[in-house]
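In: Give me the fold of what follows.
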Amino acid sequence: MKRFITLFGVLAALFSLQFIGGGFEAYAAGVDSGNAAFNNAFHGLEVFWNFTGFHNATWENFIMIAVGLFFIFLAIKYDYEPLLLIPIGTGILIGNIPFVEGYKIGIYEEGSVLNYLYFGVQQGVYPPLIFLGIGAMTDFSSLISNPKLMILGAAAQLGIFATFYGASAMGFTALESGAIGIIGGADGPTAIFLSSKLAPHLMGAIAIAAYSYMALVPVIQPPIMRLLVPKRERLIKMKPPRVVSKVEKVMFPILGLLFTTFISPSALPLLGMLFFGNLLKESGVTERLADTARNALINIVTILLGVTVGASTQADYFLTTNSLKIFALGAVSFAVATAGGLIFARIMNLFLSDENKVNPLIGSAGVSAVPDSARVSQIEGLKSDPTNHLLMHAMAPNVSGVIGSAVAAGILLAFLM
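Out: Here you go, the predicted model:
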């Protein structure tokens with residue numbers, strides 16, 4: 001009996017040791033499992049961190065984000081072209097959120113949603129649609145009533161060709177210089193259209209420069225106007241424009257389309273849509289189409305154009321020495337274009353009788369930032385004489401500047417392609 005009890009005790013002891021050992025093994029396994037789970041969680045967090053914008057951000061991204069915020073600030077605080085600067089500014093923010101390439105996120109990644117939307121910019125789809133809307137909202141009466149003012153719109157295109165030679169002197173190729181030169185036309189859609197054909201790799205910088213300076217027309221032009229036009233000439237009062245008949249209004253887009261596109265067939269996508277939109281407006285029988293073109297359609301295209309152009313300023317593509325050169329040339333081109341219109345208006349007055357003289361201030365409206373440059377002429381005229389209203393007169397060189405910049409783009413395209 002004692003032997004049985006002893007044997008049982010030994011077995012119980014062995015079983016207890018085995019149980020305790022198993023417990024230690026289970027505990028050790030649990031610890032290892034916990035460590036593995038902790039390591040996996042840490043690795044997951046590390047992977048997540050590597051995908052965040054905080055990890056991938058560069059100082060260039062923050063510079064461009066600051067530019068985007070500045071555009072939005074100008075639009076909201078000072079009402080500088082808000083319909084353009086808010087979409088473009090937001091696009092700059094979107095385009096400069098840091099990301100890991102290869103997941104079809106960025107605007108330059110083939111197959112991404114932004115890349116599909118950017119197709120309309122790259123292939124020049126959006127600018128003609130913008131011109132369609134501009135045509136449907138533009139009244140050419142002031143130009144029809146006083147066609148000699150078209151010369152001022154042509155004179156302001158001096159900025160285009162001056163910038164072309166300036167860009168060539170700074171080392172840009174002929175194609176690049178042509179695309180950069182169109183900034184002097186102060187016409188964003190035309191700048192996008194031409195750069196998409198001549199220098200797609202510079203399109204972001206050219207478009208941003210064109211739209212930036214268009215928004216800053218109320219800042220850039222007044223000092224030049226006061227410098228080049230003496231006070232006595234700022235006081236010139238012009239005769240009221242004559243009343244234009246409906247027949248003239250209907251015939252103008254038809255004849256304008258034929259005449260301008262025969263001169264510059266390469267500008268057909270822009271000028272064709274501009275005059276088509278105006279014919280929809282003036283015919284009087286397609287008001288529904290004209291209303292769509294000047295409201296819903298142009299608003300949609302402006303949103304898509306602004307956001308995608310802004311997003312194209314992705315820091316690693318945009319922040320280059322060439323971009324800085326383009327911005328410098330853009331400032332010069334606007335100044336030269338404004339000066340060209342003002343000086344030519346003063347020269348015209350040498351050959352006009354006193355009752356037919358033009359107020360040289362409207363010459364600056366040849367810069368085709370519609371209607372901002374015409375408003376600047378009005379504001380500066382009122383500062384010199386509170387009874388001198390120049391807006392209707394200034395609209396003539398303003399709308400002719402739109403036509404002139406498109407013709408100039410077509411000429412550059414024909415010569416350089």
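In: quick one: contacts for the residue nearest to residue 154 when sequence neighbours are not counted?
Out: Of all residues beyond its chain neighbours, the one nearest residue 154 is residue 404 (5.0 Å), with distances taken as CB to CB, 6 or more residues apart in numbering. C-beta here means a position set from N, CA and C on the backbone, and glycine is covered the same way. Residue 404 is in contact with 153, 154, 156, 157, 185, 366, 368, counting by CB atoms under 8 Å, 6 or more residues apart in numbering.
In: How about residue 203?
Out: Each residue near residue 203 by CB under 8 Å, 6+ apart is listed here: 121, 122, 179, 192, 195, 196, 312.
In: quick one: average confidence on stretch 198-216?
Out: Here the mean pLDDT over stretch 198-216 is 88, rounded to a whole number.
In: Can you dump the C-alpha atoms of it in PDB for me?
Out: Taking Å, rounded to 0.1, in the frame of the first residue of the first chain, the C-alpha atoms of stretch 198-216 are listed here in PDB:
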ATOM      1  CA  LEU A 198       3.300  74.500 -79.200                       C
ATOM      2  CA  ALA A 199       4.600  73.700 -75.700                       C
ATOM      3  CA  PRO A 200       2.500  71.300 -73.700                       C
ATOM      4  CA  HIS A 201       5.200  71.000 -71.100                       C
ATOM      5  CA  LEU A 202       5.000  74.700 -70.300                       C
ATOM      6  CA  MET A 203       1.200  74.800 -70.200                       C
ATOM      7  CA  GLY A 204       0.800  75.000 -66.400                       C
ATOM      8  CA  ALA A 205       3.200  77.900 -66.000                       C
ATOM      9  CA  ILE A 206       1.800  79.800 -69.100                       C
ATOM     10  CA  ALA A 207      -1.800  79.300 -68.000                       C
ATOM     11  CA  ILE A 208      -1.200  80.400 -64.400                       C
ATOM     12  CA  ALA A 209       0.800  83.400 -65.500                       C
ATOM     13  CA  ALA A 210      -1.900  84.400 -68.000                       C
ATOM     14  CA  TYR A 211      -4.800  84.100 -65.500                       C
ATOM     15  CA  SER A 212      -2.800  85.600 -62.600                       C
ATOM     16  CA  TYR A 213      -2.000  88.800 -64.600                       C
ATOM     17  CA  MET A 214      -5.600  88.900 -65.900                       C
ATOM     18  CA  ALA A 215      -6.800  89.000 -62.300                       C
ATOM     19  CA  LEU A 216      -4.200  91.700 -61.500                       C
END
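In: Flag every buried residue along that stretch.
Out: If you call a residue buried by 16 or more other CB atoms under 10 Å, then stretch 198-216 has these buried ones: 198-199, 202-216.
In: Looking at the residues you listed, which are in helices?
Out: Of the positions in these, 198, 203-215 sit in helices, assigned by DSSP state H.
In: so residue 75 makes contact with residue 87?
Out: No - contact criterion CB atoms under 8 Å: residue 75 and residue 87 do not qualify, at 9.3 Å.
In: on that earlier part again, make JSON lines from the contacts of residue 404 and add distance to residue 56 to it.
Out: Putting the contacts of residue 404 into JSON lines (distance: CB to CB, whole Å) gives the following:
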{"residue": "153", "distance to residue 56": "47"}
{"residue": "154", "distance to residue 56": "49"}
{"residue": "156", "distance to residue 56": "44"}
{"residue": "157", "distance to residue 56": "44"}
{"residue": "185", "distance to residue 56": "38"}
{"residue": "366", "distance to residue 56": "46"}
{"residue": "368", "distance to residue 56": "40"}
